[in-house]
Every structure is written in structure tokens, then in C-alpha cells.
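**Q** okay, predicted coordinates and the sequence, questions at the end:
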Amino acid sequence: MRQEEFEKQYTSIWQESEQLFNQFDSRSERKKLDQETLNQLPNLYRALCHSLAIAKERQYSPYLIEYLDNLVLRGHQILYSKRTYLLYKIIHFVAHGFPSEIQKQKLLFWMSMLIFFGPSLILLTLTILNPDLVYSIVPPNQVSQIESMYDPEASVLGRERESDSDFYMFGHYIWNNIGIGFRTFATGILFTMGSIFFLTFNGLFFGAISAHIINIKYTSTFFPFVIGHGSFELTAIVICGMAGIKLGWSIIAPGNLTRLDSLKLATEKAVLLVYGAALFLLIAAFIEAFWSSSTLLTTTTKYSVGTFLWIFVYVYLLWPRKLVSK
Amino acid sequence: MLDTNHTVEVPEGIELNLPLAGPVVRSLAFMIDMAIRIGVYFVIGTIFGVMGRFGGGLFLIFIFLLEWAYPILFEIYNQGATPGKKMMGIKVVNDDGTPITWGPSIVRNLLRAADAFPVFYLVGLISMMIHHQFKRLGDLAAGTLVIHKNSYTPSGSLQNEKPQQAPVNLTLEEQRAILHFGERSHQLSEARNHELADILSPILEGKDAKERMSNIVSMANWFRGRR
């Protein structure tokens, strides 16, 4: 069959599908499509594929092939959209997916904990022995800022607060802390270097500050403040780092896979950890803004609730679960 | 051909051509998005500014969303294109050519932080220039492609000439070359047309370039099936 006849025979189908695709692409038009028209879509797509295959095989003019190619691509995009059951997935993930993902990689989890808390504890000890060490990690003006934040004489905790500034701090913690978490994860793709750097650095920072607070005897305000949200926040940062290290490690040691395939597989799993960590950081931001900073609560309440939250987080993460198949 | 096309075989047994988008067009799209975001910062900042500290909190949450969720939400709900991408006529798809889904979109946009390292998306740019499919790290890990979304306008038309059989047997590929030349000859200058037609002078009967040109168009008409 020559091209001219071919075009004559099939042009109506091409135009019909083009029209349908156009309708489908605009949101308002799409709602007007009835079921019967939609049912035609697979058949039309099939016919288009058929036309394209013939046109290519018989070397019809490149313009025609390009035209058909384009139509097929549009049909393919519509037909192969994936449906996701978002709500169900989220609930399932929080209940089972996240903890079991951590439990599958316990070694990596504890290593990341070590990378964060190890340097932290070392610096804590060293700074208690030698108080000036704090200035080697934290710039002096930041040290004095932190001192004023946790001064037991001050009436408010954390930062200067007015009545509506809890919400401001909530926004600040979301923007700042979740951002840090995401960066800790993402930079891990650079052969784990970024994640390890952020973990170690944040660990050192936290260790130095804690030691300094102990040195200047502000413990009565600082520890009740951090114990509440610390469980979620510190663990989440560790998990972000863990996910990042997983990415980088998949490139360093891909095993039997190509590096690219290994990276792709690792990413699928690692991003689950980041979802969970982001959720943790959100909870931490909420606690930090509305609970930890409150001056109405007694220190005892804060310590007991804080301890409970630490236990809760680790029981939630590490309590063995049946590995449910998706 | 030297086109930067990526072909994917689909279950229907044919190959899809995905025209890949390069670093330049993608950078431009990014800059447009950036400008839009800065504009939104200012508008939102002014509105929330009058609401005091509470507004400040809302503003920070909004900045967070604008920074991380803006590309994800647009890619999912706007057929793979942020406003910047849409303006530049490009979009994101999964490696197999299907529309982008939540997982890959989240991954590629989280890993933006690594691509932006250390400044001005240096890592991402280098990665795009090295990789044969112009992928930045985020695309590599997520398994996504950025492609041109060409809205097709048929730009070829074959002049009508009296159809004429080719003087020698030509392979399908050669026939296609002549047909393609016939269809796009109006885009070329006359001198260039004649120059190209002259290549075939040994088998054409026309005496000067102009006649030879019309010989070729006649042949193209024949191959197209006009009789």
C-alpha cells in the first residue's frame, strides 16, 4: 500500500485519537468524557501503534512517522498512568513499613547512630574536661546566644517569646530542621561523604553545646527543653544520614549489579526511610514549638514525658514486626 | 541519526521516541521556576507580614513547601512539568516513558540538594553533561528522564508534480531519503536545493539543476503513491 492510500484509510482514526487526547489533556474537558468514549481509548491506542509500526516498516515519509510517533507517545502517557492508593499506603507505611525498613538494616542503623552519637559523646567528655573546647566547634557569638536562651533567670525558654510566637517557631523548625534532614540524606549520594559529614558535624555540635551547658550549670532549663523533642529529632537526623549512606554505599559497593541499577534499587528503599524521618521531624517541630518551650509545665512533667517519648520511639522502631508483604 | 533521542520499547511492540532535553533548556526552565518562586515569596511575605509572628510562622512553613514540594506537586499534577518546564516545553517522565509517579518525583527533587552542591548546581550540571541521557544525580537515582514535549505541527508538504518512476531501483531507505527531501525542500534555499539535487545528476534526465529538482519531486510524488 502506498503512503497516500494508507493515509486516506487511517486518517480518521488518527484524528479521532488526537481529539480524544486533547480532551483528556485539559482538565475541564476530561471530566466531561463518558465511559463509552474512554473505553475506546485502548483500541485507538492499539490502532495508532499498528499504524506507526506499518509506517516505520514501509519507510513512509519521516514527517508522517514523526506525527504518529507523537500521537503514540501521548496515548502511552494517558494509558499507562499509574493509580496510587495514597491514604492506604500512608497508614500501612506508618504502622509497618517504616519500622520494618529500619529493622531490615539494623547494622546500618546502629552504625549511623554511632557516627552521630560517637563523636557527640567524645566531644561532650572532652569539653567537660576542657571548657574552652566549645569555641572550637561553635562560634563565640552563637555560644552567647545559646547561653541567653537557656538562662534560668529568664522567664521564657528557647527564644524570646510573645504569645503567638510558638507558631512562628513551629514554622521555623519545619523549614530549618526538615531541610537539614533532607540535605543530610541527599548529599549521601556523593559516595556517603555528605551524610557522614552532616551526621558527625551535628553530633559534635550537639555534644559541645550540651557540655557547655553542663559547665555553666544551666542544666535545669536546657535538658527539660531538649528531652521532649530530642527523641524524634535526633533519631530522625540519624535515619536521614542512614538513608544517605545507603545511597552512597550502593555506588561504592554495588555487588553483582551495575552501579546505576544498584543505586536505583537502594534509592527505592532509602527514600522510605526519609519519609519516616520527615514525619518524625514534623512531630519533633510540633513538640519543640508547643510543648518543650512551655514555662507552665514543671520540670518533672517534662522529664517524665520526655523519657516516655524516648522509650516510645525506640520501641516503635525496633519492636519486631511480622514482615508484611505489600 | 545524530538526534538526542532515547527509544523505549513498549508492550505494544513498537518503539517510542523520547526526545531528551539538554542542560541548557533545563537550566532555563529552572531559572523561570526560580523567578516564579521569588515572586511568590514577595507576595506571600507581604500578606503574612501584616499578621505578625503567627504570619511569620505560616511564611516559614510556606517557604519550606515552596522549596521542597513545589516541583513534586507540579510534576505529579501538571503532567510532569513545573511552570518553568511547561514554558520551555519540557516534562519529566519515568525511564520507561510512563508519566512520572510519586516515588521517583520525590526522589529526584530531594536529591536536588546533592545536585546543587557546592554552588549553582555544579554537581548536577557536570552530571548532565557527562551522562548520555542528560541525567543529573536525582534523575539517575530516581530513574527519570526530562524530555521535550513537542506539540506537533505538520511542517512538510510535497509539491504536486507529475509522478514519475525512479530510473533505477532504490532501496526503501533511499526512497525515504528522496521523499523526505521532497517534503522539506521548501525549507531550504533554492541554491541549496539545486546543490543537493545535483548529487543525483548521473541518474537524472534533467539538463539543468532546475529540471533535475523537478525530477526528484516527481519521484517523491511517485514514492508517496500519487499516480
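**A** Structure's in. What do you need?

**Q** now the element after the lowest-mean-pLDDT helix or strand in chain A, going C-ward?
**A** Every helix and strand of chain A was ranked by mean pLDDT, DSSP states H and E. The lowest is helix A:27-32, at a mean of 80. Next helix or strand after helix A:27-32 toward the C-terminus (DSSP states H and E): helix A:35-57.

**Q** what angle do the very next helix or strand once past that next one and helix A:35-57 make?
**A** Following helix A:35-57 in sequence order, the next helix or strand is helix A:62-79 (DSSP H and E). Going by axes from the mean of the first three to the mean of the last three CA atoms, to 10 degrees, helix A:62-79 is angled at 140 degrees with respect to helix A:35-57.

**Q** do helix A:62-79 and chain B meet?
**A** Yes - interface with chain B: helix A:62-79 contributes A:62-63, A:66-67, A:69-73, A:76-77 (CB under 8 Å from any CB of the partner chain). To be clear about C-beta, it is placed using only N, CA and C from the backbone, and glycine gets the same treatment.

**Q** can you show me the helices along chain B?
**A** Secondary structure of chain B by DSSP state H: the helices cover B:23-49, B:52-77, B:83-88, B:102-110, B:112-115, B:122-130, B:137-142, B:172-184, B:190-199, B:209-224.

**Q** who does the fourth one touch, helix- and strand-wise?
**A** It stands for helix B:102-110. Counting contacts by 3 or more CB pairs under 8 Å, 6 or more residues apart in numbering or on different chains; DSSP states H and E, helix B:102-110 packs against helix A:179-186, helix A:259-287, helix B:52-77, strand B:90-94, helix B:137-142, strand B:144-148.

**Q** let's see that with 7 Å instead.
**A** Helix B:102-110 sits against helix A:179-186, helix A:259-287, helix B:52-77, helix B:137-142, with contacts defined as 3 or more CB pairs under 7 Å, 6 or more residues apart in numbering or on different chains; DSSP states H and E.

**Q** give me the number of residues near residue A:229?
**A** Residue A:229: 27 surrounding residues under other CB atoms under 10 Å in any protein chain shown.

**Q** quick one: what helix or strand has it in it?
**A** Using DSSP H and E, residue A:229 sits in helix A:219-252.

**Q** could you measure from the spatially most central residue of chain B over to residue B:20?
**A** Centroid check for chain B by CA atoms, centre = their mean gives residue B:148 as the closest residue, at 2.1 Å. Applying CB to CB, to the nearest Å, the value for residue B:148 to residue B:20 is 8 Å.

**Q** who touches residue B:129 in this structure?
**A** By CB atoms under 7 Å, 6 or more residues apart in numbering or on different chains, residue B:129 lies in contact with residue B:23.

**Q** mind doing that once more with 10 Å?
**A** Residue B:129 makes contacts with B:22-23, B:136, as judged by CB atoms under 10 Å, 6 or more residues apart in numbering or on different chains.

**Q** any chance of the residues you listed in a markdown table, plus distance to residue B:168 and pLDDT?
**A** Formatted as a markdown table, the contacts of residue B:129 follow (distance: CB to CB, whole Å; pLDDT from 0 to 100):
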| residue | distance to residue B:168 | pLDDT |
| --- | --- | --- |
| B:22 | 41 | 91 |
| B:23 | 45 | 93 |
| B:136 | 50 | 94 |
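
**Q** can you select the buried ones among those for me in ChimeraX?
**A** Buried residues among the contacts of residue B:129 (16 or more other CB atoms under 10 Å in any protein chain shown), as a ChimeraX selection:
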select /B:23,136
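
**Q** chain A: which of the contacts of residue B:129 is nearest?
**A** When those are ranked by distance to chain A (CB to the nearest CB), residue B:136 comes first, at 10.5 Å.

**Q** surely that closest one is in contact with residue B:114?
**A** Yes - if you go by CB atoms under 10 Å, residue B:136 and residue B:114 touch, sitting 8.9 Å apart.

**Q** any common contacting residues for these two?
**A** Shared contacts of residue B:136 and residue B:114, counting by CB under 10 Å, 6+ apart, come down to B:123-124, B:127.

**Q** so which of these is the most crowded?
**A** Most neighbours among the shared contacts of residue B:136 and residue B:114, by other CB under 10 Å: residue B:124, with 24 neighbours.

**Q** for the closest residue to chain A within chain B, list the residues it contacts.
**A** Using CB to the nearest CB, the closest approach of chain B to chain A is made by residue B:225 at 2.3 Å. Residues near residue B:225 by CB under 10 Å, 6+ apart: A:1-8, A:60, B:163.

**Q** now, of those residues, which are buried?
**A** Neighbour counting by 16+ other CB under 10 Å classes A:3-4, A:6-7, A:60, B:163 among the contacts of residue B:225 as buried.

**Q** could I get these as JSON lines with pLDDT and distance to residue A:215?
**A** Listed next are these as JSON lines, based on pLDDT from 0 to 100; distance: CB to CB, whole Å:
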{"residue": "A:3", "pLDDT": "84", "distance to residue A:215": "86"}
{"residue": "A:4", "pLDDT": "84", "distance to residue A:215": "90"}
{"residue": "A:6", "pLDDT": "91", "distance to residue A:215": "86"}
{"residue": "A:7", "pLDDT": "89", "distance to residue A:215": "85"}
{"residue": "A:60", "pLDDT": "85", "distance to residue A:215": "82"}
{"residue": "B:163", "pLDDT": "84", "distance to residue A:215": "96"}
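
**Q** just put these in JSON lines and tack on distance to residue A:272.
**A** JSON lines is the format used below for the buried ones among the contacts of residue B:225 (distance: CB to CB, whole Å):
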{"residue": "A:3", "distance to residue A:272": "52"}
{"residue": "A:4", "distance to residue A:272": "56"}
{"residue": "A:6", "distance to residue A:272": "50"}
{"residue": "A:7", "distance to residue A:272": "50"}
{"residue": "A:60", "distance to residue A:272": "48"}
{"residue": "B:163", "distance to residue A:272": "63"}
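
**Q** relative to residue B:46, which of those is nearest.
**A** Residue B:46 lies nearest to residue A:7 out of those, by CB to CB, at 57.1 Å.

**Q** need the nearest residue in space to that closest one, chain neighbours excluded.
**A** Leaving aside its chain neighbours, residue A:7 sits nearest to residue A:64 (7.1 Å; criterion: CB to CB, 6 or more residues apart in numbering or on different chains).

**Q** neighbours of that neighbour, just the number please.
**A** Neighbourhood size, residue A:64 [other CB under 10 Å]: 22.

**Q** my read: it touches residue A:2, true?
**A** No - look at residue A:64 against residue A:2 with CB under 10 Å: they stay out of range, at 12.0 Å.

**Q** run the chain-centre distance for stretch A:226-235.
**A** Here the centre of stretch A:226-235 is set off from its chain's centre by 18 Å, with CA atoms, centre = their mean, to the nearest Å.

**Q** also stretch B:84-91?
**A** With CA atoms, centre = their mean, you get 9 Å for stretch B:84-91.

**Q** identify the residues contacting the residue nearest to the spatial centre of chain A.
**A** In chain A, the centroid-proximal residue (CA atoms, centre = their mean) is residue A:274; its distance is 3.4 Å. Shown in contact with residue A:274 (CB under 10 Å, 6+ apart): A:181-182, A:184-186, A:236, A:239-240, A:242-244, A:267, B:106-107, B:110.

**Q** residue B:157 now?
**A** Residue B:157 makes contact with A:63, B:182-186 under the criterion CB under 10 Å, 6+ apart.

**Q** and residue A:33, by the same measure?
**A** Counted by CB under 10 Å, 6+ apart, residue A:33 has contacts A:20, A:23-24, A:40-41.

**Q** apply 7 Å and report the result again.
**A** Shown in contact with residue A:33 (CB under 7 Å, 6+ apart): A:23-24.

**Q** what's the per-residue pLDDT of it here?
**A** For residue A:33, the model assigns a pLDDT of 82.

**Q** got it, and residue A:226?
**A** Looking at residue A:226, its pLDDT reads 89.

**Q** equivalent analysis for residue A:269, please.
**A** Model confidence at residue A:269, given as pLDDT, is 92.
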